[in-house]
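Visitor: coordinates only, sequence not included:
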């Protein structure tokens with residue numbers, strides 16, 4: 001927590017107050033970890049604190065779900081059990097808890113880390129990026145002078161640690177549309193160790209019961225989304241992945257080599273294709289990785305720990 005260059009903490013949500021040497025502060029779990037030189041050779045001088053913004057964390061309407069950028073992971077995790085959602089047929093809600101689980105973080109992080117902060121940090125393994133991109137979410141971004149614009153989360157994250165925010169812009173909220181939430185979904189995640197950082201995380205949606213939307217994250221430096229007007233065969237899906245993801249787009253760090261990430265992306269993509277092609281609830285679907293399906297999460301994790309086999313050993 002090397003922040004010894006900070007001269008002031010300013011409670012504000014106004015981008016007009018931003019100047020060089022500033023950083024927006026939400027939960028601070030990444031900012032305090034990276035320290036005063038988190039954003040370049042010049043040290044941070046001020047933190048613009050969103051803690052007193054008072055934004056409603058989650059708003060549910062017929063149009064979908066609005067997440068304030070300051071919504072915490074813990075608040076999001078509790079959402080599927082909310083009475084506000086008991087009468088809505090939104091299968092996409094099943095993705096929320098697996099994505100939150102993909103943080104593999106302590107309760108301290110869950111209660112401080114924010115949805116918006118995770119997206120803006122733009123780490124390839126950021127599970128809030130995976131969730132929001134996989135559900136076609138759009139970000140509302142505030143700029144100086146009352147300016148406002150929207151951009152798909154898929155496009156907001158531009159690379160490893162880079163995003164499409166201009167200097168001083170502020171992520172205000174993320175809208176998850178009801179149309180995506182109403183689709184049948186599938187989820188796959190792999191890491192190199194049990195409870196390790198995601199090396200591959202894919203989300204699939206079956207829009208209208210026929211059209212596949214596949215979102216690739218964690219294995220790539222930025223989200224990659226493939227859309228089909230139908231449910232493709234295995235060969236067509238593999239060819240589309242090859243066209244959409246050049247070799248240099250696969251991420252390379254201690255959590256996975258590009259070749260492994262590429263191979264597991266193809267494997268998990270085909271598992272998602274097969275799951276969404278099978279009748280819903282089919283017991284014969286192959287699932288590599290962890291946290292899916294939601295209703296079997298605890299029993300699946302326990303059986304893997306008992307067997308002594310990691311998700312990666314099962315999916316290698």
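Guide: Perfect, thanks for sending it. Because the structure is a prediction, the values reported are computed rather than measured. Numbers count the residues shown, from 1 in each chain.
Visitor: hang on, residue 41 in a strand?
Guide: No - going by DSSP: H, G, I helix; E, B strand; the rest coil, the assignment for residue 41 is coil, not a strand.
Visitor: and the gap between it and residue 166?
Guide: Shown here: residue 41 relative to residue 166, a distance of 20 Å by Cβ to Cβ, to the nearest Å. Every residue, glycine included, has its C-beta placed from N, CA and C.
Visitor: Please identify which of the two sits among more neighbours.
Guide: Per other Cβ atoms under 10 Å, whichever of residue 41 and residue 166 has more neighbours is residue 166, with 12 against 5.
Visitor: Please name the residues that touch the more buried one.
Guide: Shown in contact with residue 166 (Cβ atoms under 8 Å, 6 or more residues apart in numbering): residue 143.
Visitor: what's the spacing between it and residue 64?
Guide: Counting by Cβ to Cβ, the gap from residue 166 to residue 64 is 26 Å.
Visitor: go on, residue 75?
Guide: Residue 75 sits 17 Å away from residue 64, going by Cβ to Cβ.
Visitor: So if I had to pick from those two, which one is more boxed in?
Guide: Using other Cβ under 10 Å as the criterion, residue 75 and residue 64 rank with residue 64 on top: 23 against 17.
Visitor: Now do the contacts for residue 49.
Guide: 9, 10, 11, 12, 25.
Visitor: Most neighbours of all the residues you listed, which one?
Guide: Ranking the contacts of residue 49 using other Cβ under 10 Å puts residue 25 first, with 20 neighbours.
Visitor: State the distance from the residue nearest to that residue when sequence neighbours are not counted to residue 168.
Guide: Spatial nearest neighbour of residue 25, chain neighbours left out: residue 47 (4.2 Å); criterion: Cβ to Cβ, 6 or more residues apart in numbering. Computed with Cβ to Cβ, the distance linking residue 47 and residue 168 is 14 Å.
Visitor: got it, and residue 188?
Guide: 37 Å.
Visitor: between these two, who's got more neighbours?
Guide: The residue with more neighbours, out of residue 188 and residue 168, is residue 188; 27 against 18, by other Cβ under 10 Å.
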